[in-house]
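**Student:** Compute the structure for the input listed below.
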Amino acid sequence: MPENFYQWFLLPALNRSDVSRRLGDKRTLELFFPGASPSFLDRTASIWSYKGEAINDAHALELIATRESENGFVVKKPDSARGEDVSFFSGKDRREILDIARSCDDICIQFAVRQCSCLDELHPPSINTVRLLTLAFANEVRFLGGFLRVGRGGKKVDNLHAGGILVHLDPESGHASEYGIDLDLNAYRVHPDTGKLFHSLHIAGWQELCNQVIAFHSSVPEAGFVGWDMAVDDDRFWLLECNTTHPALQLHQYFNPPLFGPVLPDLFEYVTGRRYVMR
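**Tutor:** Numbering: from 1, shown residues only. From the prediction side, this is the model:
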């Protein structure tokens, strides 16, 4: 699918701006998907919220000061993207967290999660996440594909625009492809920092992970496209972000064409009112 048709016509038609903003806001993760996210505290227009209830500043600061988190904390802006506006803190840095909390009207605070050993070995400084793309259309949620994002150069984020590497994952098995690519389409057979082979990687519980994001999307069918950023722990999956403004369709098409298959004519007709004929 041409990128201009996707960005200018299809995405706006399937992801209305109000739905996209609401679902893509990191502060709504616990509201839409209870227990799936490591988010535990957020702030909107200088008002704190904890477990869906408004709390005062003193209570919020007490939660930050006393919350147990073995791996530290992550503070994000609600609309952060591309690895920007994300700060990481150890459990000892609570004073710095408090300083940021006092200075920002809108933030989301998550406790930092762990990742399984096979992903940690690729690049330990970053949580290396799996991006999965789903489509809700014609009363059905379809899984379109997924890829792994791996950090590089000691950075704590794995985003492509922050220097990360993308590795295609087989949609049926969750096995990694032989090569990963960076933003400039340079190919890597091994991770440039750790020397770990990408092809040897397999995401454990792959089918369960795919089923989980399909279930997530089934609960919010008003959004057409959603890119799910999932962290893989040894015993569970964590939902870190929902991407509705830029679900990275072009990257999925690069790795796994044809992405839409038989549903493409219906999508085209839905947007244009004309029937697309596949020859």
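**Student:** just the helices in the stretch 101-250 of the chain please.
**Tutor:** 117-120, 206-218, 249-255 (DSSP state H, counting those that start in this stretch).
**Student:** Could I get those helices in a markdown table, plus columns for mean neighbour count and mean pLDDT?
**Tutor:** C-beta: built from backbone N, CA, C; applies to glycine. Output for these, formatted as a markdown table (neighbours: other CB atoms under 10 Å; pLDDT from 0 to 100):
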| stretch | mean neighbour count | mean pLDDT |
| --- | --- | --- |
| helix 117-120 | 16 | 95 |
| helix 206-218 | 17 | 98 |
| helix 249-255 | 19 | 78 |
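**Student:** Next, find the distance separating residue 182 from residue 153.
**Tutor:** 11 Å (CB to CB, to the nearest Å).
**Student:** same thing with residue 186?
**Tutor:** Taken as CB to CB, the span from residue 186 to residue 153 is 14 Å.
**Student:** that older thread, residue 182 and residue 153 - which one has more neighbours?
**Tutor:** The neighbour comparison of residue 182 against residue 153 (other CB atoms under 10 Å) goes to residue 182, with 16 against 12.
**Student:** Now tell me what touches stretch 56-66 from outside.
**Tutor:** 40, 41, 43, 48, 50, 55, 73, 94, 97, 98, 101, 109 (CB atoms under 8 Å, 6 or more residues apart in numbering).
**Student:** ok, 6 Å please
**Tutor:** 41, 48, 94, 97, 98 (CB atoms under 6 Å, 6 or more residues apart in numbering).
**Student:** Show me this protein divided up by domain.
**Tutor:** Taking automatic domain parsing as the reference, the chain has its domains at 3-26+114-272, 39-112.
**Student:** Would you work out how far apart the start and end of the longest one are?
**Tutor:** From the first residue to the last, domain 3-26+114-272 extends over 16 Å; the measure is CA to CA, to the nearest Å.
**Student:** What residues of stretch 227-244 count as buried?
**Tutor:** Of all the residues in stretch 227-244, those buried under the rule 16 or more other CB atoms under 10 Å are 227-232, 237-244.
**Student:** For residue 251, state which of those residues is nearest.
**Tutor:** residue 227 (9.4 Å; CB to CB).
**Student:** so of the domains of the chain, which one's packed in deepest?
**Tutor:** domain 3-26+114-272 (a mean of 18; mean count of other CB atoms under 10 Å).
**Student:** for this protein, which strand is longest?
**Tutor:** Longest strand in the chain by number of residues (criterion: DSSP state E): strand 140-150.
**Student:** now the angle between helix 206-218 and that one, please.
**Tutor:** If you take axes from the mean of the first three to the mean of the last three CA atoms, to 10 degrees, strand 140-150 sits at 120 degrees to helix 206-218.
**Student:** Mind giving me the packing neighbours of strand 140-150?
**Tutor:** In terms of contacts (3 or more CB pairs under 6 Å, 6 or more residues apart in numbering; DSSP states H and E), strand 140-150 is packed against strand 130-137, strand 165-169, helix 206-218, helix 249-255.
**Student:** So what's the model's average confidence on the second one?
**Tutor:** For strand 165-169, the mean per-residue pLDDT is 96.
**Student:** Sheet partners, orientation included, of it?
**Tutor:** Strand 165-169 has its sheet partners listed here by DSSP bridges as strand 140-150 (antiparallel), strand 176-181 (antiparallel).
**Student:** if we can go back for a sec, of all the helices and strands packed on strand 140-150, which one comes closest to residue 29?
**Tutor:** Counting by CB to CB, residue 29 lies closest to helix 206-218 out of these; the figure is 10.1 Å.
**Student:** Can I get that closest one in PDB, CA atoms only?
**Tutor:** Output of helix 206-218 as PDB, limited to C-alpha atoms (Å, rounded to 0.1, in the frame of the first residue of the first chain):
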ATOM      1  CA  TRP A 206       4.400 -16.100  20.700                       C
ATOM      2  CA  GLN A 207       0.900 -17.300  20.000                       C
ATOM      3  CA  GLU A 208      -0.200 -16.200  23.500                       C
ATOM      4  CA  LEU A 209       1.300 -12.800  22.900                       C
ATOM      5  CA  CYS A 210      -0.500 -12.500  19.500                       C
ATOM      6  CA  ASN A 211      -3.800 -13.600  21.100                       C
ATOM      7  CA  GLN A 212      -3.300 -11.100  23.900                       C
ATOM      8  CA  VAL A 213      -3.100  -8.000  21.600                       C
ATOM      9  CA  ILE A 214      -6.000  -9.300  19.600                       C
ATOM     10  CA  ALA A 215      -8.000  -9.400  22.800                       C
ATOM     11  CA  PHE A 216      -6.800  -5.900  23.700                       C
ATOM     12  CA  HIS A 217      -7.900  -4.600  20.400                       C
ATOM     13  CA  SER A 218     -11.200  -6.400  20.500                       C
END
